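S.K.: can't give you the sequence, but here's the structure:
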């Protein structure tokens, strides 16, 4: 089986991971940090706003089951990409909207997708789009957080139920 990787930041990584784990064709979603300067940062360091890192979700998917463009549609639907350094109740540069690409094709697709998504929003999209750098997996207690704690995400602009109704994710 061939796999591909996509990396997204859309606020608190717990909710982003939760959503992407429910997208048909996604094989794995792992939370971590990227886009900053500090090597192998901790959650505490990222929250100190001194590392420059965003909370990210690295998605491994089967391109025969789901395309990168479809993952981008889920990304735009799950959060408010017009907010700068925040998402819902979470405020800070680590919560920025970001797409970190793994190829020139992904970079081009992400920019085109942003342009197609812009008319859906009243304000300019503030999503950072750039080549992926080093990804640092978050501490174990952050991985599959909602599954471990028996909750559904509460911190994103679009409730999980709406994403289900749109057919973007399954239970």
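M.R.: That came through, no problem. Not measured: the values here are computed from a predicted model. Residues are numbered from 1 along each chain as shown.
S.K.: which neighbouring elements make contact with the strand or helix carrying residue 129?
M.R.: Assigned by DSSP states H and E, residue 129 falls within strand 128-131. Other helices and strands packing on strand 128-131, by 3 or more Cβ pairs under 8 Å, 6 or more residues apart in numbering; DSSP states H and E, are strand 97-101, helix 104-117. Quick note: C-beta positions are derived from backbone N, CA and C, even for glycine.
S.K.: residues of it that come out buried?
M.R.: Residues of strand 128-131 classed as buried by neighbour count (16 or more other Cβ atoms under 10 Å): residue 129.
S.K.: which element follows it toward the C-terminus?
M.R.: Following the chain from strand 128-131 toward its C-terminal end, the next helix or strand by DSSP H and E is strand 136-137.
S.K.: picking that back up, pick the most deeply packed of the helices and strands packed on strand 128-131.
M.R.: Highest mean neighbour count of those: strand 97-101, a mean of 24 (counted as mean count of other Cβ atoms under 10 Å).
S.K.: got the contact list for it?
M.R.: When contacts are taken as Cβ atoms under 8 Å, 6 or more residues apart in numbering, the neighbours of strand 97-101 outside the stretch itself are 6-11, 34-35, 54, 56, 72, 75, 79-81, 83, 87, 107, 110, 114, 125-133, 135.
S.K.: and it with helix 104-117, angle?
M.R.: Computed by axes from the mean of the first three to the mean of the last three Cα atoms, to 10 degrees, the angle separating strand 97-101 from helix 104-117 equals 150 degrees.
S.K.: could you pull up the mean pLDDT of strand 97-101?
M.R.: Summarised as a single mean, pLDDT over strand 97-101 is 98.
S.K.: begin at 584, not 1, for the rest of this chat.
M.R.: With the count now opening at 584, the last piece we talked about shows up as strand 680-684.
S.K.: what lines up beside that strand in the sheet?
M.R.: For strand 680-684, sheet partners with direction are given as strand 587-593 (antiparallel), strand 711-714 (parallel), following DSSP bridges.
S.K.: JSON lines please, covering the ones you listed and showing mean pLDDT and distance to residue 603.
M.R.: Putting those into JSON lines (pLDDT from 0 to 100; distance: least, Cβ to Cβ, whole Å) gives the following:
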{"stretch": "strand 587-593", "mean pLDDT": "97", "distance to residue 603": "7"}
{"stretch": "strand 711-714", "mean pLDDT": "97", "distance to residue 603": "18"}
